[in-house]
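S.K.: show me the folded form of this:
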Amino acid sequence: MTRGVSCRRRDDSGTALVEFVWLAILLIVPLLYIVLAAFDTQRAAYAASAAARSAGRAFVTAPDQETGHARARAAVRLAYRDQRLDTVPEVRITCRPDPRNCLTPGSVVRAEVHSSVDLPLMPAALGANTPAIRVDSEHQAPYGTFREARP
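M.R.: Numbering: from 1, shown residues only. Got it, this is the predicted structure:
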């Protein structure tokens with residue numbers, strides 16, 4: 001009779017491995033997604049920081065304000081291209097104390113860069129409603145007190 005009972009018992013060997021694999025998949029896949037999103041966001045934050053710094057410096061070294069705006073936009077595009085980002089960020093240049101005349105001795109040029117990063121692996125079916133993370137950066141570049149005023 002003991003022999004019949006032992007034949008009816010189910011053999012559990014190998015199920016721990018299956019359970020471990022399923023648990024690992026359920027935990028590792030979301031973790032990898034979070035890491036990918038963090039890397040993309042960090043890359044965009046670094047690009048925004050470098051772009052703002054470069055835009056401020058490019059504007060301050062320009063011979064006039066029109067050329068300064070063009071150089072600032074080119075510097076921002078280059079900083080984003082260096083990080084292999086296709087987004088076109090918004091660039092805003094402001095000056096103080098006189099917003100109309102940025103290249104006067106003692107003024108401070110402020111470069112702001114605003115962009116957003118789409119979350120990775122989002123389906124194209126969402127269209128323009130893809131979730132994104134906003135990334136902003138700013139840099140202030142002084143136009144030296146003992147420099148020559150420019151138009």
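S.K.: quick one: contacts for residue 129?
M.R.: Not one residue lies near residue 129 by Cβ atoms under 8 Å, 6 or more residues apart in numbering. Yep, even glycine has a C-beta here, placed from its N, CA and C like the rest.
S.K.: wait, residue 85
M.R.: Neighbouring residues of residue 85 by Cβ under 8 Å, 6+ apart: 43, 44, 47, 115.
S.K.: go again using 7 Å as the cut-off
M.R.: 43, 44, 47 (Cβ atoms under 7 Å, 6 or more residues apart in numbering).
S.K.: among those, which ones are in helices?
M.R.: 43, 44, 47 (DSSP state H).
S.K.: tell me how many other residues surround residue 49.
M.R.: Around residue 49 there are 17 other residues, counting by other Cβ atoms under 10 Å.
S.K.: can you check residue 101 too?
M.R.: 13.
S.K.: in what helix or strand does it lie?
M.R.: Taking DSSP states H and E as the criterion, no element holds residue 101; it sits outside all helices and strands.
S.K.: do residue 71 as well
M.R.: Using DSSP H and E, the secondary-structure element containing residue 71 is helix 65-82.
S.K.: what mean pLDDT does that helix get?
M.R.: Mean pLDDT, helix 65-82: 95.
S.K.: which elements pack onto that helix?
M.R.: Other elements packing on helix 65-82 under the criterion 3 or more Cβ pairs under 7 Å, 6 or more residues apart in numbering; DSSP states H and E are helix 15-60, strand 90-96.
S.K.: so where's this protein uncertain?
M.R.: Flagging of the chain using pLDDT under 70 yields the residue ranges 1-10, 12, 14.
S.K.: and the residue nearest the centre of it, what does it touch?
M.R.: Among the residues of the chain, the smallest C-alpha distance to the mean C-alpha position (Cα atoms, centre = their mean) belongs to residue 44, namely 1.7 Å. Contacts for residue 44 (Cβ under 7 Å, 6+ apart) come out as 85, 115, 117, 135.
S.K.: quick one: it from residue 75, how far?
M.R.: Distance, residue 44 to residue 75, using Cβ to Cβ, to the nearest Å: 16 Å.
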